[in-house]
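# coords please:
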Amino acid sequence: MPSAPNALPHAGLELAALRECVGVHGWAVIEGMPCRDGNGPLLDLANALGRVNPYGAGGETRDGEGVHLVAPSARPVLDTTGKAMLSSTATDFPLHTDECFASEPSRYVLLHCWREDARGGGDSLLANSEAIAARLEPWALDLCHRANFIWRTCRAPIFTRQPGTGWPIVRFNMREIAGDDLGEDADPRSRVLPELMLAAANAAAEQVLLEAGDCLVIDNHRTLHGRIAFDHESKRLLKRVWVKTDPGAAQRETKSRNASTTAAG
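Residues are numbered from 1 along each chain as shown. This is a model prediction of the structure:
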């Protein structure tokens, strides 16, 4: 299988090159990352990007501190609200960002493939926020910045403007919308924003098939990710880590990238 346009080899990987690749696309694939007991290579990468977020529901999915198994189980694992965690199933996983209910969601999601589906199913889906925004009508894009929704207990809009970048910070998961906080005087079209957002994300989505040794690095503030269904008897196994960074990291990385581009020009 040919490498993705934004794929980098694990051997000799430079953190600056990885940040640049994720900065351009919103995600990157690292190829050839060793699958070792203890998850050393995965955790080393996570700690290089920031700090491992130890939080996570579903003790049954834990594979050490901060590492969770993404694989179908005999019965779905439940999250803290009692909903089935789709990461413990083989069903379609709609496009979303992780931890949309948190006041400060993790910056990166790392998905390290240990075993792909033998039948070639379970492709990952990725759509960055600027590609999604480009597919929304102007009124919908405006409301995505202004209309607040309740994600479990966190009150926030779908898009938040990011100064100095060409993309908005995104927070989205259809399964986590507990309600809305639009008010009686809100534009009634706000009620259909979640459906319009998901449709735009699906239209913008790129499809990537992860093979054993591939590690998908996702900017969780910028890129929605999901998955196509696969055989529930599959041995497909990914390992997930959430990575936290300090609040100013995104703007500093963007300024550094813009400065490098200006100097090169």
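
# surely Cys154 touches Ser103?
Yes. If you go by Cβ atoms under 8 Å, Cys154 and Ser103 touch, sitting 5.8 Å apart. For the C-beta atoms, the positions are set from N, CA and C on the backbone; glycine is no exception.

# out of these two, which sits in the busier spot?
Set Cys154 next to Ser103 and count neighbours by other Cβ atoms under 10 Å: Cys154 wins out with 18 against 9.

# specify the beta-bridge partners of the more buried one.
Trp151 (DSSP bridges).

# and the pLDDT at it?
pLDDT for Cys154: 93.

# next: Glu20.
pLDDT, Glu20: 96.

# tell me if it really is in a helix.
Yes. Membership of Glu20 in a helix is supported by DSSP: H, G, I helix; E, B strand; the rest coil.

# relative to Cys215, how far out is it?
17 Å (Cβ to Cβ, to the nearest Å).

# these two: who's more crowded?
Taking other Cβ under 10 Å, Glu20 and Cys215 do not tie; Cys215 has more neighbours (26 against 19).

# wait, isn't the more buried one in contact with His10?
Yes. Using Cβ under 8 Å, Cys215 is in contact with His10, at 7.5 Å.

# which neighbours do the two have in common?
30, 33 (Cβ atoms under 8 Å, 6 or more residues apart in numbering).

# now do the strands in the stretch 151-265 of the chain.
Under the criterion DSSP state E, counting those that start in this stretch, the stretch 151-265 of the chain contains strands at 154-157, 159-160, 169-170, 177-180, 206-208, 215-219, 223-227, 237-244.

# repeat that for the stretch 1-150 of the chain.
Remark: strands assigned in the stretch 1-150 of the chain by DSSP E, counting those that start in this stretch are 7-9, 27-31, 51-52, 67-70, 93-96, 108-115, 124-128, 148-151.

# what's the closest of those to Arg236?
strand 108-115 (5.8 Å; Cβ to Cβ).

# save the strands of the stretch 151-265 of the chain as a markdown table, and put in distance to Ala46 too.
Output for these, formatted as a markdown table (distance: least, Cβ to Cβ, whole Å):
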| stretch | distance to Ala46 |
| --- | --- |
| strand 154-157 | 24 |
| strand 159-160 | 24 |
| strand 169-170 | 21 |
| strand 177-180 | 29 |
| strand 206-208 | 20 |
| strand 215-219 | 10 |
| strand 223-227 | 16 |
| strand 237-244 | 5 |
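
# neighbours around Arg62, how many?
Arg62 sits with 14 neighbouring residues when counted by other Cβ under 10 Å.

# so what sits opposite it in the bridge?
Beta-bridge partners of Arg62, as defined by DSSP bridges: His68.

# which outside residues touch stretch 65-75?
With Cβ under 8 Å, 6+ apart as the test, stretch 65-75 has contacts from 39, 42-43, 46, 52-54, 56, 58, 60-63, 87-90, 111, 232-242.

# now, of those, which are buried?
39, 42-43, 46, 52-53, 56, 58, 61, 63, 87-90, 111, 234, 236-242 (16 or more other Cβ atoms under 10 Å).

# if we can go back for a sec, quick one: which of the strands of the stretch 151-265 of the chain is nearest Gly120?
Of all the strands of the stretch 151-265 of the chain, the one in closest proximity to Gly120, counting by Cβ to Cβ, is strand 206-208 (11.8 Å).

# which stretches of the stretch 1-150 of the chain have low pLDDT?
1-4, 56-58 (pLDDT under 70).

# how close does Leu136 sit to Thr80?
Applying Cβ to Cβ to Leu136 and Thr80 gives a distance of 32 Å.

# between those two, tell me which one has more neighbours.
Remark: of Leu136 and Thr80, Leu136 carries more neighbours, 20 against 10, as counted by other Cβ under 10 Å.

# measure the more buried one to Asp181 for me?
Distance, Leu136 to Asp181, by Cβ to Cβ: 21 Å.
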